[in-house]
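Q: below are the sequence and a predicted model for it; my questions follow.
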Amino acid sequence: MDRFLLYRTYDELTIGDTQRTRGRTITETDIVSWCALTGDWFYPHTDKVAAESSMFGQRVAPGIMVFAIGTGLGVPADSTTILANYGSDNLRYTKPTWIGDTISLDIEVVEKADRDERSGLVTFRWDILNQNGDTVCASQLKLLMAKVRRPYYG
């Protein structure tokens, strides 16, 4: 089997299959770039002085940015088995992510639903952990997965 779950076809995935991705450190540049791209200049992310007097006591990474980076860790760019992102459920930011934290993604197949002869819907536990093993973002990601690998034209 491939190391990455998302290289597998629907039929190759089994409930209970797991994967932990490599790590990636969150930087100040990540936060500034994210805020510039999205227009989200909320002060706990970008204003050092104001963030120090907030409930966080320091700047905190935007939760949706942490989720997006975590997804980048788990979805291989050349996967030919993912047909579509069906959405996320129960998305929660359970702990702050700080500048300098290293995150990884912990994935588990939790549910499968057959759709037709070509595809099935797979629900993954999609948890982002920091370097201490604490969950900083918890969710369930649903992906429409192919039953047959398509050729890759990259």
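A: Arrived safely, thanks for sending.
Q: so for stretch 24-34, what gets flagged as buried?
A: Neighbour-count burial for stretch 24-34, counted by 16 or more other Cβ atoms under 10 Å, picks out 24, 26, 30-31, 34. Heads up, the C-betas are built off the backbone N, CA and C, glycines and all.
Q: stretch 58-76 too?
A: Buried-residue list, stretch 58-76, by 16+ other Cβ under 10 Å: 59-63, 65-67, 69-71, 73-75.
Q: for the record, mean pLDDT for it?
A: Mean pLDDT, stretch 58-76: 97.
Q: kindly export that stretch (C-alpha atoms) in CSV.
A: Taking C-alpha atoms only, stretch 58-76 is exported to CSV below (Å, rounded to 0.1, in the frame of the first residue of the first chain):
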residue,chain,number,x,y,z
GLN,A,58,0.8,36.7,22.2
ARG,A,59,0.0,36.5,18.5
VAL,A,60,-1.9,33.5,17.5
ALA,A,61,-2.1,31.8,14.0
PRO,A,62,-5.5,32.1,12.3
GLY,A,63,-7.4,28.8,12.8
ILE,A,64,-8.5,28.5,9.2
MET,A,65,-4.9,29.1,8.1
VAL,A,66,-3.8,26.2,10.3
PHE,A,67,-6.6,24.0,8.8
ALA,A,68,-5.5,25.0,5.3
ILE,A,69,-1.9,24.2,5.9
GLY,A,70,-2.8,20.9,7.6
THR,A,71,-4.8,20.0,4.5
GLY,A,72,-1.8,20.8,2.4
LEU,A,73,0.2,18.3,4.5
GLY,A,74,-2.3,15.5,3.9
VAL,A,75,-3.4,15.9,0.3
PRO,A,76,-0.8,14.8,-2.2
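Q: might you quantify the distance of that stretch from its chain's geometric centre?
A: Averaged C-alpha coordinates place stretch 58-76 at 6 Å from its chain's average position (Cα atoms, centre = their mean, to the nearest Å).
Q: go on, stretch 72-83?
A: 12 Å.
Q: what do you get for stretch 42-54?
A: Per Cα atoms, centre = their mean, the centroid offset for stretch 42-54 relative to its chain is 25 Å.
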